[in-house]
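**Student:** dropping a prediction and its sequence here:
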Amino acid sequence: MSLNWLLVPQYQKLSNGYFLNHDNLVLANTEEKQKLIFYFIAQQTPEKLSKDDYEKFTQDRAAILDLRQLTFVFGVGALTVGYASQQAYIRSAFIRRPVINSVAFGSALLLALSASWSLSWILFEPHYVTSSKVVSELGKKYNFSIFDFALAKKEAHLKQLRRELTNDSQNVSHA
């Protein structure tokens with residue numbers, strides 16, 4: 001059984017700038033505000049950017065943010081495997097019940113990797129927005145206002161609702 005119906009809509013709300021709201025922008029200075037608004041619009045409503053600029057943004061994000069995420073996830077996976085292999089109880093019990101222990105260990109490893117993927121996104125995304133030269137450069141180029149942000153927020157929310165309704169209707173039709 002897949003938990004996509006529960007996890008995907010919730011994960012979406014923690015990533016891609018979806019969590020930004022007007023309260024965050026009030027506290028930011030002008031330069032940070034430009035970066036935050038640009039990042040939100042680039043992630044949630046990319047059709048407002050030119051094709052070249054959006055491609056430049058996605059390449060920069062993939063080169064920096066995704067690489068950090070993969071490094072963090074592989075590090076957590078290596079630590080999990082290393083920790084489990086050092087436990088005397090696990091080694092002795094593993095010999096007696098290899099199939100059950102392999103399934104349990106695989107499930108624990110999968111859980112650790114998925115949790116570290118979500119955690120890495122939450123940890124590294126704000127740092128990427130504040131330190132990326134491409135986000136800063138494109139934020140100054142487009143100079144979106146708070147009104148553009150409000151409109152993009154509304155459009156992103158409608159896209160999210162459409163995605164959830166479409167997903168629900170597909171799940172009902174396959175049931």
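**Tutor:** Okay, I see it. Residues are numbered from 1 along each chain as shown.
**Student:** strands of this structure, start to end?
**Tutor:** Under the criterion DSSP state E, the chain contains no strands.
**Student:** contacting residues around Asp60?
**Tutor:** Contact analysis of Asp60 by CB atoms under 8 Å, 6 or more residues apart in numbering lists 132, 134-135. Placement of C-beta: from N, CA and C, glycine included.
**Student:** from Leu119, how far off is it?
**Tutor:** From Asp60 over to Leu119 the distance is 22 Å, taken as CB to CB, to the nearest Å.
**Student:** could you do Leu165 as well?
**Tutor:** 29 Å.
**Student:** looking at those two, which one has more neighbours?
**Tutor:** Leu119 (15 against 10; other CB atoms under 10 Å).
**Student:** what sits against the closest residue in space to that one that isn't next to it in sequence?
**Tutor:** Distances taken as CB to CB, 6 or more residues apart in numbering put Phe72 closest to Leu119, at 7.8 Å, once the chain neighbours are dropped. With contact set as CB under 8 Å, 6+ apart, Phe72 has these partners: 116, 119-120, 123-124.
**Student:** where does pLDDT dip in the protein?
**Tutor:** Scanning the chain with the threshold set as pLDDT under 70 gives 1-19, 21, 87-95, 168-175.
**Student:** re the thing from before, in helices, which of the contacts of Asp60 fall?
**Tutor:** Of the positions in those, 134-135 sit in helices, assigned by DSSP state H.
**Student:** most neighbours of all the contacts of Asp60, which one?
**Tutor:** That'd be Val135 among the contacts of Asp60, by other CB under 10 Å, with 22 neighbours.
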